[in-house]
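**Q** let me see the structure of the following:
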Amino acid sequence: MKKRLLLIFMLISASLAFCSDGLLWGKGRLRTISTEWFDIIFPPECEETAQALAKEADTIYVEICRSLGTSPSFRMPVTITPATDVFNAYFSNFSVNHIVLYDTLPGESLSVFESALLGTFRHELTHAVTINMRSPFWRAVDSVLGDVMNFGCYVTMPSMIKEGASVAEESRSGKGRLHDGFYLHTFRQAKLQGKFPTFADVTGARDTYPAGLLPYAFGGPFTEWLQEKYGMEKYAEFWYEGINMHAVTYGQAFKRAYGTSLSSEWKEFRESIFVPDVPPSPEDAAGISFAEGLSSKAERCTSISSGGGKLLWVEDSTGNLMCREKDGNVVIKSAVTGLQASSISNDGRYAALDVQDSNHPAERNRVRLIDLETGKQWTVPGVSLRDSCIAECNGNLFLCAVEVKKQNCSLVAFRINRNEKGLSSRQDFPEVFRYSFPHGAICFSPVDAFGGDIAFLAYEDGKWSLCILPSWLSGGNLPYEKVRLPDGISLRDLRSSRLPSGEKIFTFSWAGLSTFPRLGIIRFSSEGERLFLLDTDISGGVYSPAVEADSQNLSVFYIADLFTERRIMHADISSLPFAESRLVKETASPVAYGFASAEEQTESVGDFVSKPWHGPFFTRGVIAPFSMIDVYSYNGTKSTSIYFPGVSWFTSSPWDGTAFIAGAGVNPGGGFLSPLQDRSFLAGAMAKISGGTSTPLFKYNAGANIIFDSRGIMQGSFTAQAESTISFAGKSFLYIKDSFVSSWGRESQSVQRSPDFFMDVRNSFVIQIRVSQKTGPGYYEKALLAFQFNYDSAWLNVWVRKNRMNLTDSVFSPAFVVTLPKIIPVDCAEGFTYNLPLKLRVFLAPQANCLVSAAADTVIFSAEIQKGLTFFPLYFNRIVLEGGYQMGLYDETSSVRIWNLSDSFASIGRMKYIDAVHLSLVMQATINTGALANPLMMGTVGVTFTYYPHYVRENPFAISLATSLNL
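**A** The predicted structure is shown next:
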């Protein structure tokens, strides 16, 4: 046992000493730059980014405060991490106010700033300023208890209000999401379809698509409208009322600040939104039809490309790579965890896949190559690759991708090895060409422009352009050419095709500030090079357009982004109006291209002095006037009591990696907390540390408790746990967890007939292999197959009146879990479930006295509501009628072990059979105010009827309330 304890201690110590934690996993020797208001923390490779931020950070802080009528009042750490190339950032006040920025470049949808770094920082800093617009009283509470003690943030102001403030502030200078036609499409589309939600529908409580998008899509435009109508002084007053809890809900705070109801202002805001005079359904537009047979109308599709008579796309809700073959059949080509986008080769044989890989300490972008005929896949070595495509030149095949390294990007070409039979079984993907872009410039959607040319979209200095790199794959060394397009438009989703006539065609999606996303076409024919821009709006917009490669009539498939689905549509180009013009190309400035590595395309490091960061983050945190301490019984049962009065100290690293909590307190044995406290006088102390990677790859925690009573030391305990999840083979996962608990001492004096002393050591090891797959956009459309093996061991010594009893036990228990999306082979109407999705669980020898236990549950009927009340802070997610059956075989005379199952099965006749049938009707709902307006906080309320077929008493029926609340 000592060896086991030593091993666990060594593993945790090694992870702390050598691997750092969280989003800075493995990044040692951190440095810091201090400005007037910020401590910028970063690894050495992010020095340039840190210098750029330090130069502007204080100015941005002052500007935000000025617009909100306040002034800078607190310092804050800002962490810059290069660990992931999946663009994101966040602000948190847990345990102290802090911002984390990812040192990478954004994707197409977030390329809306002149500087992604500074624009994103402004967005997150606005969160910090708004939720800290507190009165002197609450600032005093903050100074004593910590930044996290912000009840207005948690109880009053929801995500829609918070994100609205940040989106409006980021857009104040003329850039940002409010100046991007693609971003503005969502709330305009909702009005066009007659599905414009109430303010209570977009707080953040929704848990079905487009759940996470709504607070941004509606909060930003509404905030801008509100500020323009009433001015910034009133808006700042609204925040002051809400964040200081002068009102409990955000609706009440709005009424206090503006003197009018949020409902009436929201209605006026809705009426102010301009939408084009076009049919609400895209199928009703001339030349537009739903692409029958490719996907359901409720499906969410993305990333269409065409080649060789095939059509390829990604089902966003399932993550499947879908293909319509030449014969019209639709098949699943691959199920890849983290699949983001795909691009098919011109001959339709191969495809490049963009994947987000979580088998790293932080998520990384990777690229794969798939043979669509054989299904074989290869992964390109290295990370930080995205926006991939396949190109051909002089008989050679290339996989081209965008490589992002911090604030720099390059277009890279890898040679694909092939022979007369197709692709070689071994692929080492040698890099043959590299084209590096200026610092901060971003390349998107590269496509084969044929003959060695590569075309791509570029975003630089807040402007979009469509570019052509001539003769690159044939060794050319020329600057790229820019296609002249109208000013002020945004671009997405470039695709290329070659018709049987040899004509080259580019298709792309574009949007102006007042338009829906529209179709753009460039034709390269013997008659000249022509640009065609769609001259009308279509409901759903035009996303990811792809020309049928064998079509002479320019038939285009595209995605229509409707309010709750993303449908594949078909457009007859001859029926649509276009503005036609001659294609004009301009040669890029020589300074805007180069062949150096991405790391060399940098700006000079700034003038701020950076120093080593020694990491004293434990000096700032949260203090609470109580402590929560675990106490164990001699049989391993754990309970948690509140020790009040007491003190707890919680802190974590400024990038939310390692977290530490310590506490001590007194349990007086009664008082107003008596239901949550032991009846005896106790005093105790505890400490716990946790950390790991930012992905599920590795997590750990360890803790210790000690408790005293009137007789001295009553009990001590130590716990440790480590777990890991690894994805493999498509949608398969390996999960491993080991939990260790050691406790010794006495039980509380309030416990009757307890032993004089005990020593209890327990270990639980779990290994699970599962295959999980979303099968459709519905809430219950999911499939899972899992095999799990549990091995629990216990070593117990008990002393009663100086007599020692020793018990050593181990239990090995396999389990099987299967989830089916439906039993009845029918597809449900959108928003309803009635095809009986099933979840079955079987456990073999789960306890010493149980041979087998099983449970089967099904949803008999479910209806999506997804509506919030405007007069009371409650959001209804869905109503569910579910039923189930549970059973167990129990042996009351002998122990059941996996190695003597034959004897146990032979004795089934004398075992006790216990089973139950239940029927539950529940409403799933969410408190719709503050941070509680979150699907993770969803609770249930309802009633459960239970029937016990083998119940030995007179009444085998029972009725009970079914309630749960996640806080």
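
**Q** surely residue 761 is in contact with residue 794?
**A** Yes. Counting by C-beta atoms under 8 Å, residue 794 is a contact partner of residue 761 at 7.1 Å. Quick note: C-beta positions are derived from backbone N, CA and C, even for glycine.

**Q** between these two, point out the one with more neighbours.
**A** Neighbour tally, residue 761 and residue 794, criterion other C-beta atoms under 10 Å: the higher count belongs to residue 761, 20 against 17.

**Q** any idea how far the more buried one is from residue 721?
**A** 15 Å (C-beta to C-beta, to the nearest Å).

**Q** and if you look at residue 525?
**A** Residue 525 is 65 Å from residue 721, where distance means C-beta to C-beta.

**Q** quick one, which of the two is more surrounded?
**A** Set side by side, residue 525 and residue 721 show more neighbours around residue 721, with 18 against 13, by other C-beta under 10 Å.

**Q** my reading is that that one lies in a helix. Confirm?
**A** No. Assessed by DSSP: H, G, I helix; E, B strand; the rest coil, residue 721 does not belong to a helix; its assignment is strand.

**Q** for it, give me its contacts.
**A** Residues in contact with residue 721 (C-beta atoms under 8 Å, 6 or more residues apart in numbering) are 700-702, 737-740.

**Q** from those residues, which is closest to residue 772?
**A** Using C-beta to C-beta, residue 737 comes nearest to residue 772 of these, at 17.0 Å.

**Q** beta-bridge partners for the nearest residue to that closest one once chain neighbours are set aside, please?
**A** Distance criterion C-beta to C-beta, 6 or more residues apart in numbering; nearest residue to residue 737, sequence neighbours excluded, is residue 723 at 3.9 Å. For residue 723, the beta-bridge partners are residue 699, residue 737 (DSSP bridges).

**Q** state the distance from residue 723 to residue 761.
**A** From residue 723 to residue 761 the distance is 20 Å (C-beta to C-beta).

**Q** what score does the residue nearest to residue 737 have for pLDDT?
**A** Residue 723 is assigned a pLDDT of 98 by the prediction.

**Q** what residues are up against it?
**A** 696, 698-700, 735-738.

**Q** about what we covered before: farthest pair in the contacts of residue 721?
**A** So, the contacts of residue 721 by C-beta to C-beta: farthest apart are 702 and 737, at 14.0 Å.

**Q** quick one: which of the two has more around it?
**A** Counted by other C-beta under 10 Å, residue 702 and residue 737 do not tie: residue 702 has more neighbours, with 20 against 16.

**Q** which stretch of helix or strand covers the more buried one?
**A** strand 699-709 (DSSP states H and E).

**Q** please save the CA atoms from the host helix or strand of residue 468 in CSV.
**A** Applying DSSP H and E as the criterion places residue 468 in strand 463-469. C-alpha atoms of strand 463-469 as CSV (Å, rounded to 0.1, in the frame of the first residue of the first chain):
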residue,chain,number,x,y,z
LYS,A,463,-10.1,44.2,-45.7
TRP,A,464,-11.1,41.1,-47.6
SER,A,465,-9.6,40.1,-51.0
LEU,A,466,-9.8,37.2,-53.4
CYS,A,467,-6.3,36.3,-54.6
ILE,A,468,-4.6,34.2,-57.2
LEU,A,469,-1.1,32.9,-56.7
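
**Q** what are the buried residues along that strand?
**A** Neighbour-count burial for strand 463-469 flags 464-469 (criterion: 16 or more other C-beta atoms under 10 Å).

**Q** so which of those residues is the closest to residue 397?
**A** Within the buried residues of strand 463-469, the smallest distance to residue 397 is 17.8 Å, found for residue 469 (C-beta to C-beta).
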